[in-house]
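*Asks:* Quick one: sequence plus predicted model below, questions after.
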Amino acid sequence: MSATDIPRHAMPERPVRRSLARQVLPYAMLSPAVLVTLAIVFLPMLQTAWMSLHEYVLFRPKDFDFIGLDNFRAVFHDEVFWISLRHTLIWIGVTVPAQLLLGLVTALLLNQDFPWRPLARALIIIPWALPSVVIALMWAWIYDSNYGVMNDFLLRLGVIQSSVPWLANPDTALGAIMLTLTWQGFPFFAVMILAGLQAIPKSYYEAASIDGASAWRQFRHITLPGISGVLVTAVLLRVIWVANSFDVIFVMTGGGPGYATYTLPLYAFIKARTNLDFGYGSALAVTFTILLMIIVVIYLRRTGKALR
Amino acid sequence: MALKRKSLRRRILTVDLPMLAILAFTLGPYLWMFLTSITPESRLFTVGPSISGATVENYTRLFRTVGFADNLLDSFIVASGTVVVGLSLSVTAAYSFSRFTFRGRRMLMMQFLLINMFPLVLLILPLFVLMRVLGLLDSHLALIIANSTIAIPFSVWMMTSYMNGIPRSLDEAAMTDGCTRLGAMLRVVLPLCLPGIIATGIYIFITAWNEYLYALTLGGRNVRTITVAVQTLIGEYEVQWGLLTAGGIVGAMPATVLFLLVQKRLISGLTQGAVKG
């Protein structure tokens, strides 16, 4: 952009052309990616915002009435919105810490010396590679009320007295799905934290153990400070990812029973897909995005600092 | 000697056994799915999944009567198309980010990071409307475009990180020898970060292969990817868990194998930024 500001006639021909080329080149090389993302990401996003200000139901394509912020007003008076928001918060508040804890333990173990470590490290990331649909169906089979292995297992241990329909019971459905998502997401934490652990110099631990520091104190004063940066980044990334992901819920319960497993993005998706109410669905999606942006901005500021 | 034996027992108790427990939790569901898929349908609901009397009946049915081969092909076309689009558009962008300082660089980089964090639900509604207007619903192109919304920013970031690992002095040497900027990029930098490009491409392939919601919304009767096909097994055939789990195993196979193949390089690329930051 700044290149065009240079008065072209004021300077001799050749150096200008060369420096002009040098200034334009970075932008020219960026333009394919930037233009395409403008077309397939930013324009559609604006369209969502635009749709959210209209009454727009897909089976009445002629009606596209501007109604201002009416959809958003309706959102705040919508009981299902508040239910979904509460579930979204529980969903994030339980799943991310559970993934983090299990990931941390796994990473600490993988950082020890044992003969089959490479094998364990390769196998641990399998959940990460599986398609969400397969994960959802696999766990639906495990939770099955008649033939599921979960009931079988717990009955034998004597934890439960009779079979529980895990996904059909409103009290257990959300918890069951959160366990599934914990399973899917903890390898990510394990891998990230392991990378952080390996960046801590071994000499710190040697020095500490010479000084007689216990294992716990070493963990508390060397390990935790050493991986705190990775932890914060991984948690932020995961909160965003978990908040956004609703494919596992959609396949496992479709939001049911009742509204027991509705989260915000799922609600927006169902509104548009099942009710074909694209106006209201867009308003829900926009509301969710605005809420999510709080965390995204925190993450971007962190990364932005690292870029300098 | 005694000390050594004691420390070995200690290691087994504090490292090997906990690790085994976590691995059992990690692999258990997957192995259970596999076991279910090789159990004959008649025995599944009487004795439960078991290794005795193993059969490939579910797998042959999957390909003979359900037509899984077509779905695999659809998934392959969509995933490969996304790889081509994602990589080709981001090579020059990554080079630009890695080699030049210019006004707006940081903002543009952040913009690519931001895209990856937008809720999918925000994009899926307008993309559906857009594809409907363009008449692209139920085509491979629609799914390739939709998957590219994730693939392009991801690959710009990954490739920038790989290119940053290649010394600038190499470009300069090439240019002193008479290469142009583009020549230096094509002949020197790209060959050197080829492993990184391949890892990025494979990761894009896996994500596109595993993608479900776009495929469900923008696909249809003609283009039905493997993830959608696995899911529709529930509706069309009641719940035949044997068939369904076989579908799950087949659908997950390519991504799992690829992931295991490139995991080392991939993970170092993915975690590099996080560790530094």
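*Replies:* Yep, that arrived. Residues are numbered from 1 along each chain as shown, chains lettered A, B, ... in the order given.
*Asks:* domain ranges for the chain?
*Replies:* Went with chain A since none was named. Following automatic domain parsing, one finds the domains of chain A at A:2-52, A:70-307.
*Asks:* I was thinking of chain B, sorry if that wasn't clear
*Replies:* B:2-37, B:66-276.
*Asks:* low pLDDT regions in the stretch 1-150 of chain A?
*Replies:* A:1-18, A:61 (pLDDT under 70).
*Asks:* thought B:Ile249 was touching B:Met33?
*Replies:* Yes: between B:Ile249 and B:Met33 there is a contact under Cβ atoms under 8 Å: 6.5 Å. The C-beta positions use only the backbone N, C-alpha and C, and glycine is treated the same way.
*Asks:* When those two are compared, which one has more neighbours?
*Replies:* Comparing B:Ile249 with B:Met33 by other Cβ atoms under 10 Å in any protein chain shown, the one with more neighbours is B:Met33, at 25 against 22.
*Asks:* Which residues outside whichever strand or helix holds B:Met131 are in contact with it?
*Replies:* Element membership for B:Met131, per DSSP states H and E: helix B:120-134. The set of residues external to helix B:120-134 that reach it, using Cβ atoms under 8 Å, 6 or more residues apart in numbering or on different chains, is A:40-41, A:43-45, A:47-48, A:51, A:244, A:246, A:265, A:268-269, A:272, A:278, A:281-282, A:285-286, A:288-289, B:137, B:142, B:145-146, B:149, B:213-214, B:217-218.
*Asks:* pLDDT (mean, whole number) over that helix?
*Replies:* Helix B:120-134 shows a mean pLDDT of 88.
*Asks:* next helix or strand past it?
*Replies:* helix B:140-164.
*Asks:* what residues are up against A:Ile193?
*Replies:* A:Ile193 touches A:Gly103, A:Leu104, A:Ala107, A:Leu108, A:Ile227, A:Val230, A:Leu231, A:Ala234, counting by Cβ under 8 Å, 6+ apart.
*Asks:* Find the helix or strand that the first one is a member of.
*Replies:* What it means is A:Gly103. Assigned by DSSP H and E, A:Gly103 falls in helix A:79-110.
*Asks:* Could you see whether chain B lies near that helix?
*Replies:* Yes: Helix A:79-110 comes into contact with chain B (Cβ under 8 Å from any Cβ of the partner chain), by way of A:Leu102, A:Val105, A:Thr106, A:Leu109, A:Leu110.
*Asks:* Check which helices and strands that helix sits against.
*Replies:* Contacts defined by 3 or more Cβ pairs under 8 Å, 6 or more residues apart in numbering or on different chains; DSSP states H and E place helix A:79-110 against helix A:117-124, helix A:173-198, helix A:224-244, helix A:264-273, helix A:278-307, helix B:17-37.
*Asks:* ok and it relative to helix A:117-124, angle-wise?
*Replies:* When axes from the mean of the first three to the mean of the last three Cα atoms, to 10 degrees is applied, the directions of helix A:79-110 and helix A:117-124 differ by 170 degrees.
*Asks:* chain center to helix A:79-110: distance?
*Replies:* Chain-centre distance of helix A:79-110: 10 Å, with Cα atoms, centre = their mean, to the nearest Å.
*Asks:* buried sites along that helix?
*Replies:* A:81, A:83-85, A:87-88, A:91-92, A:94-96, A:98-100, A:102-110 (16 or more other Cβ atoms under 10 Å in any protein chain shown).
*Asks:* picking up where we left off before, need the buried ones from the contacts of helix B:120-134 selected in PyMOL.
*Replies:* Only the buried entries of the contacts of helix B:120-134 go into this PyMOL selection, using 16+ other Cβ under 10 Å:
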select buried, (chain A and resi 40+41+44+45+47+48+51+244+246+265+268+269+272+278+281+282+285+286+288+289) or (chain B and resi 137+142+145+146+149+213+214+217+218)
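*Asks:* Can you get me a residue count around the closest residue in space to A:Trp128 that isn't next to it in sequence?
*Replies:* Leaving out its chain neighbours, the residue that sits closest to A:Trp128 by Cβ to Cβ, 6 or more residues apart in numbering or on different chains is A:Pro187, at 4.6 Å. Each residue near A:Pro187 was counted by other Cβ under 10 Å, and the total is 23.
*Asks:* Can you name the residues that contact the residue most central in space within chain A?
*Replies:* Most central in chain A under Cα atoms, centre = their mean is A:Trp241, positioned 0.3 Å from the mean C-alpha point. Applying Cβ under 8 Å, 6+ apart, we find A:Trp241 in contact with A:Gly185.
*Asks:* got it, and A:Arg217?
*Replies:* For A:Arg217, the contact set (Cβ under 8 Å, 6+ apart) comprises A:Ala208.
*Asks:* Please repeat the previous calculation with a cut-off of 10 Å.
*Replies:* A:Arg217 is in contact with A:Ala208, A:Asp211, counting by Cβ atoms under 10 Å, 6 or more residues apart in numbering or on different chains.
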